[in-house]
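Q: Below are the sequence and a predicted model for it; my questions follow.
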Amino acid sequence: MVSTGDVWVIVALRGGMDGLGTVIPHGDSDYPGWRRALRILAPGKGPGCCLDLDGFFGLHPAMAPLMRLWEAGDLEIIHAAGWPGARHSHFEAWEEIESGVEGAARPSSGWLGRALTEANVSNPLAAVALSETLPFLLKGFPGAVLMPSADAFRLEVPAGARARVGQALDRLHAGCRGPLEEASRSTLAALGRVDEIRGRIAAGTGGYPATRFGQRLRLLGELIRSGLGVRAAVIDLPGWDTHFGQGAARGPMAEKLRELAEGFAAFWRHVRTASSRVGVLAFSEFGRRVEENGSAGTDHGQGGVVLRLGRSIGNGRVKGSWPGLARHQLSGPGDVAVTTDLRRVFEEVSPVRWAKPVREPAAPAPSVSGRPGDSYLTK
Amino acid sequence: MFTRRDFLLAPAGAGAALLARRAAGNLLDLAGRVPSPPENRRASDCWRASRGWRAIHVLNRLGYGPRPGDVERVRSLGIHPYVEEQLSPQSIADWPSRFAVRRIEIASLSAPDLFDYPASEVLTELRRATLLRALFSERQLLEVMVEFWSDHFNIDAAKGDCAWLKVGDDRDVIRKHAMGSFRDLLRASLGSPAMLVYLDGISSTKQKPNENHARELLELHTLGVRGGYGQADVEEVARALTGWRLRRFFSRGERVVDAASHDPGEKTVLGVRLTGSPEDNLDQLAERLASHPATADFIALKLCRRFHGPGAPSSLQSRVSLAFRNSKGNIRQTLGALLFSEEFLTAPPKLKRPYTFVLSVLRGLGASSDGGPGLQRELDMLGHIPFGWPTPDGPPEDDSRWSGGFLGRWNFAFRLFSSGIRGTRIPRHLGAERPAQVLQTLVQRPITPAEEAALEEAGDSGRALALCHPEFQRQ
């Protein structure tokens, strides 16, 4: 939890990641009927086959780097998880999910920002967003720092002048008060700290993917290992809105999954033994429609996949209650029904009470080909 | 008594004489407060210490900030005459802007010819033209509205052929209708080749219509997410949008009807039946959506947020929405209701987004720029470059989304003053001025001894530091 010194890394998989194409229910006899061009085969010898996880579900082959974590019990997968109420709009979904409250009368702050404020963390690098703009998730915590890259995070003046210029900036902000000024002071304090680890970050890829996501994860790994007091970090991996040409075992989505898996594997190697306990939580605003569309892609759906990394949090079975893929078991226009509320997952990170009581999603009808998985709530 | 309503109903230009008379009675306000140093003021009060703060306010909101001499010009013209002039861009001669973009070839080319050039080159040139206009045009409000609508009908030039296609979209959709009729703007966007690619209409079929454009059309372009449409409407709109492809060989990049993929049946959207050809469907769709009351509310909300700021009172939003409806979606008249309001003229400061900040620096210092790759890279690093936002919602207006990015702005300032931005230069004389003088030029008020001392402490970087002053981050 945020208040007990753990580090939480939130990975926002923006666009709506296709849960069905990431963690394949190969044991569900209804699966092949819905996916033809996008079908991933049951576990077997060929490259188009998924990697078996627990006898019913399999992992997309491009995510092979995560199998080691799965076998070690450091990877937890929750299927058919999502935000209650069908929200097929990306932007409203993210606003709700990041604010943590359903409906129109929600606070204009993120649940993570509120949790950090309530936990009274004061370290200048307590909350780091590895992006160019501040995620809504961190709103409500004025000390959040933007760090799109290590190089970006320094004053571009001659090395000898940095200290003096830093002090001058501090004085310049002394005259007026406001959230802008607070954010600036937080940045100045953080600058000092990051200077200390800049040298380590400069060369090579460190075993991470050479993409923006990969290198930002690497920077985060360095920040965490240096004991600089990071408590929460938010990083985006967009590109999941596969309405068109999604691909199956190979294709654009497979490439993204590979990037995600390689990034996570490298990150976990890097921080697993850090002194603070690190947890990673990756989720999307919704899953995608069970039936593929006419453009060899999928449209917006509901239930999707949540991934978590943490020491010994997995038990060899995919969590969540699988609602089944028979037509009468689908929700709305043909989506995977949501059986685990995202807010229950968030509660692992933050004990902050939600403004409205958590609404339990309606129990799914018993499925013929589905199986009763562990309910996430009773693990 | 002359009222705002009289102005809005009067033909453009005739209002100026009436307003000049009224403005004369307001001279005392403009000559205004005796400027005093802002010791210990709250951030929201600091800005009113300037002489002519109203002039600075309108120059900051209707455009990208005052250049040297602009404040005096607007004060002598009068606030209301200035606003009125900006509302009629065609009445402003604007040779500086035309001169600046004269050599940009692609600005006058159409899609088939543009494909002869590499995408990156086309995009750089399009951005160059955009930046030069924003920097040098006298039609500042027009440029701000071009930015507003480009954000509203967001297109990421990185997707597919959009880099080539956005040139036409910028010219024929956005610029052509930026201050005209919203219905025409919407119809033009529905017919835009760039939008067809960006929101996946190009692969939509009647068997499996692609819902992306349909959803964003309702949620982001017209009614807004709580505008009262449902999933059924999304599906019907998706059907109505089918039937379009782009030519691939002759006249490459132009839209063409593809009967095989068009769903010819009747569609019902928000209670209205759409019939006829693909063209007819788009016409009917534009008409239905533009005239929907939720659209008026949504556009008013966005305009108020852009010009007034996050705390725009709902009474202002209602009046702007009413003006939109009464004028049948005339953007100019809707803006008039907003920009002449007392709420707007006294709106508290709001954070400049990075794009506006960079432009306000260059204008405020009287810098010269070629608008080219050097300056574009700066904007890219700040996360706010034209036609570069990946998602259809466009760059956010919310202040707090851009907080925490101040290090980027500071470093932009340091690079600017150390000649580190290729193609952009500050006037030579600034290199010899005292840092306090640079700050005074930007914030247009006397500088306190504490501020002066802070700038001096930074030594050679003191002049750059002036740009980092928190007051200048706000407009």
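A: Thanks, I have it. Residues are numbered from 1 along each chain as shown, chains lettered A, B, ... in the order given.
Q: how about the residues of the stretch 151-300 of chain A near chain B?
A: Selection of the stretch 151-300 of chain A residues close to chain B by C-beta under 8 Å from any C-beta of the partner chain yields A:152-153, A:155-157, A:161, A:164-165, A:167-169, A:171-181, A:183-184, A:186-187, A:191, A:238, A:241, A:243-245, A:293-295, A:297, A:299-300. Just so you know, the C-beta spots here come from the backbone N, C-alpha and C atoms, and that holds for glycine as well.
Q: State the distance from the nearest residue to B:Ala367 once chain neighbours are set aside to chain A.
A: Excluding the flanking residues, the one nearest B:Ala367 by C-beta to C-beta, 6 or more residues apart in numbering or on different chains is B:Ile426, at 4.9 Å. Distance, B:Ile426 to chain A, by C-beta to the nearest C-beta, to the nearest Å: 16 Å.
Q: cool, and B:Gln231?
A: In terms of C-beta to the nearest C-beta, B:Gln231 sits 6 Å off from chain A.
Q: tally of neighbours for that residue?
A: B:Gln231: 14 surrounding residues under other C-beta atoms under 10 Å in any protein chain shown.
Q: Verify the stated contact: it with A:Asp335.
A: No: assessed by C-beta atoms under 8 Å, B:Gln231 is found out of contact with A:Asp335, at 10.9 Å.
Q: List the contacts of the residue in the stretch 151-300 of chain A positioned nearest to chain B.
A: Chain B sits closest to A:Gly294 of the stretch 151-300 of chain A, with a gap of 2.4 Å, by C-beta to the nearest C-beta. Contact analysis of A:Gly294 by C-beta atoms under 8 Å, 6 or more residues apart in numbering or on different chains lists B:Ser203, B:Ser204, B:Thr205, B:Gln207, B:Lys208, B:Pro209, B:Asn210.
Q: can you do 6 Å?
A: A:Gly294 is in contact with B:Thr205, B:Gln207, B:Lys208, counting by C-beta atoms under 6 Å, 6 or more residues apart in numbering or on different chains.
Q: repeat for A:Gly316
A: With C-beta under 6 Å, 6+ apart, A:Gly316 has no contacts at all.
Q: same check, this time on B:His308
A: When contacts are counted by C-beta under 6 Å, 6+ apart, B:His308 touches B:Phe344, B:Ala347.
Q: at 10 Å what do you get?
A: Applying C-beta atoms under 10 Å, 6 or more residues apart in numbering or on different chains, one finds that B:His308 lies in contact with B:61, B:316-317, B:320, B:338-339, B:341, B:343-348, B:350.
Q: Quick one: buried ones out of these?
A: Those of the contacts of B:His308 that meet the buried threshold are B:Arg61, B:Leu316, B:Gln317, B:Val320, B:Leu338, B:Leu339, B:Ser341, B:Glu343, B:Phe344, B:Leu345, B:Ala347, B:Lys350, by 16 or more other C-beta atoms under 10 Å in any protein chain shown.
Q: Would you mind giving the residues you listed as TSV with distance to B:Asp169, secondary structure and pLDDT added?
A: Converted to TSV, the buried ones among the contacts of B:His308 look like this (distance: C-beta to C-beta, whole Å; DSSP: H, G, I helix; E, B strand; the rest coil; pLDDT from 0 to 100):
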residue	distance to B:Asp169	secondary structure	pLDDT
B:Arg61	26	helix	97
B:Leu316	31	helix	97
B:Gln317	28	helix	97
B:Val320	26	helix	98
B:Leu338	26	helix	97
B:Leu339	26	helix	97
B:Ser341	32	coil	95
B:Glu343	33	helix	95
B:Phe344	29	helix	96
B:Leu345	34	helix	93
B:Ala347	31	coil	94
B:Lys350	28	coil	92
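Q: which of those residues come close to chain A?
A: By C-beta under 10 Å from any C-beta of the partner chain, no member of these lies near chain A.
Q: Let me know the pLDDT of residue 89.
A: Since no chain was named, I'll use chain A. Looking at A:Ser89, its pLDDT reads 82.
Q: looking at chain B here, not the other one
A: For B:Pro89, pLDDT reads 96.
Q: cool, and A:Ala86?
A: 67.
Q: What residues does the stretch 51-200 of chain B have near chain A?
A: So the stretch 51-200 of chain B meets chain A at B:Gly160, B:Leu199, B:Asp200 (C-beta under 10 Å from any C-beta).
Q: Phi and psi next, for the last one.
A: Backbone torsions of B:Asp200, given as degrees, to the nearest 10, read phi 70, psi 20.
Q: if we can go back for a sec, are any of the contacts of A:Gly294 buried, and which?
A: B:Thr205, B:Lys208.
Q: Which one of the contacts of A:Gly294 is nearest to A:Leu307?
A: Distance to A:Leu307, by C-beta to C-beta, is smallest for B:Lys208 among those, at 29.4 Å.
Q: Please report phi then psi for the closest one.
A: For B:Lys208, the backbone dihedrals (degrees, to the nearest 10) come out as phi -140, psi 80.
Q: before we move on, what about the one 4 residues further on?
A: For B:Asn212, the backbone dihedrals (degrees, to the nearest 10) come out as phi -60, psi -60.
Q: residues in contact with it?
A: Per C-beta under 10 Å, 6+ apart, neighbours of B:Asn212: A:241, A:243-244, A:295, A:297, A:299-300, B:198-201, B:203-204, B:234, B:238, B:241, B:392.
Q: how about 7 Å then?
A: A:His243, B:Leu199, B:Asp200 (C-beta atoms under 7 Å, 6 or more residues apart in numbering or on different chains).
Q: And B:Glu452, by the same measure?
A: B:Glu452 neighbours (C-beta under 7 Å, 6+ apart): B:Ala436.
Q: In the host helix or strand of it, which residues are buried?
A: In this assignment (DSSP states H and E), B:Glu452 forms part of helix B:449-457. If you call a residue buried by 16+ other C-beta under 10 Å, then helix B:449-457 has these buried ones: B:Glu451, B:Glu452, B:Ala454, B:Leu455, B:Glu457.
Q: can you pull out the strands in the stretch 251-379 of chain A?
A: Secondary structure of the stretch 251-379 of chain A by DSSP state E, counting those that start in this stretch: the strands cover A:278-284, A:304-309, A:340-341.
Q: What's the mean pLDDT across the second one?
A: Read it as strand A:304-309. Per-residue scores along strand A:304-309 average to 96.
Q: likewise the last one?
A: The average pLDDT for strand A:340-341 rounds to 93.
Q: what do you get for stretch A:101-118?
A: pLDDT averaged over stretch A:101-118 gives 75.
Q: Output the contacting helices and strands for the helix or strand that the helix holding B:Glu452 is followed by.
A: Per DSSP H and E, the first helix or strand lying C-terminal to helix B:449-457 is helix B:462-466. Counting contacts by 3 or more C-beta pairs under 7 Å, 6 or more residues apart in numbering or on different chains; DSSP states H and E, helix B:462-466 packs against helix A:162-172, helix B:406-417, helix B:435-443, helix B:449-457.
Q: Go through those helices and pick out the most buried.
A: Most buried of these by mean neighbour count (mean count of other C-beta atoms under 10 Å in any protein chain shown) is helix B:406-417; its value is a mean of 23.
Q: How many residues are close by A:Leu260?
A: Using other C-beta under 10 Å, the number of residues around A:Leu260 comes to 27.
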